[in-house]
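**Q** Sequence and predicted structure are below.
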Amino acid sequence: MSKGRLEAFSDCVFSIVATLLILDVHLPTGAGIAAASLRGLLPKVGVFLLSFVMVGMYWVAHHNMLHFLRQVDRNLLYLNLLLLLCVVFIPFPTSLHRQVPPGLER
């Protein structure tokens with residue numbers, strides 16, 4: 001397998017993960033675009049930004065790592081899949097911020 005195919009696959013996974021992060025940010029049902037409604041989105045937007053920066057840092061590090069590779073073997077493919085497994089998990093804890101147990105909300 002060529003290094004280009006590994007890069008293309010990994011870039012696709014990173015872009016899908018970045019897209020999944022934003023899906024949790026939306027206005028509550030029936031809420032207009034008022035300052036109070038937008039203020040209520042700040043925690044979701046903050047969590048999205050933090051998660052997006054984390055995914056971006058992983059992507060840059062991955063890009064830098066692949067820059068130094070000359071060839072790809074099966075072991076590297078499996079290690080890359082393990083790294084991507086960790087990256088695709090990021091949207092899950094990102095979505096947990098909205099599921100606060102009763103009694104713990106502010």
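**A** That came through fine.

**Q** This protein: helices as residue ranges?
**A** Assigned by DSSP state H, the chain shows helices spanning 3-22, 35-40, 42-67, 74-88, 91-95.

**Q** so can I have TSV of the ones you listed showing mean pLDDT and mean neighbour count?
**A** C-beta: built from backbone N, CA, C; applies to glycine. Shown next, in TSV, are these (pLDDT from 0 to 100; neighbours: other CB atoms under 10 Å):
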stretch	mean pLDDT	mean neighbour count
helix 3-22	93	15
helix 35-40	69	10
helix 42-67	92	14
helix 74-88	95	13
helix 91-95	86	16
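
**Q** if I look at the residue lying closest to Ile22 once chain neighbours are set aside, how far off is Asp11?
**A** What sits nearest to Ile22 in space, not counting adjacent residues and going by CB to CB, 6 or more residues apart in numbering, is Phe48, at 6.1 Å. Noted for Phe48: a distance of 20 Å to Asp11, by CB to CB, to the nearest Å.

**Q** again, but for Leu66
**A** 10 Å.

**Q** go on, Lys3?
**A** 12 Å.

**Q** And for Pro93?
**A** As defined by CB to CB, Pro93 lies at a distance of 23 Å from Asp11.

**Q** and what of Arg39?
**A** 35 Å.

**Q** got the contact list for Leu76?
**A** 6, 69 (CB atoms under 8 Å, 6 or more residues apart in numbering).
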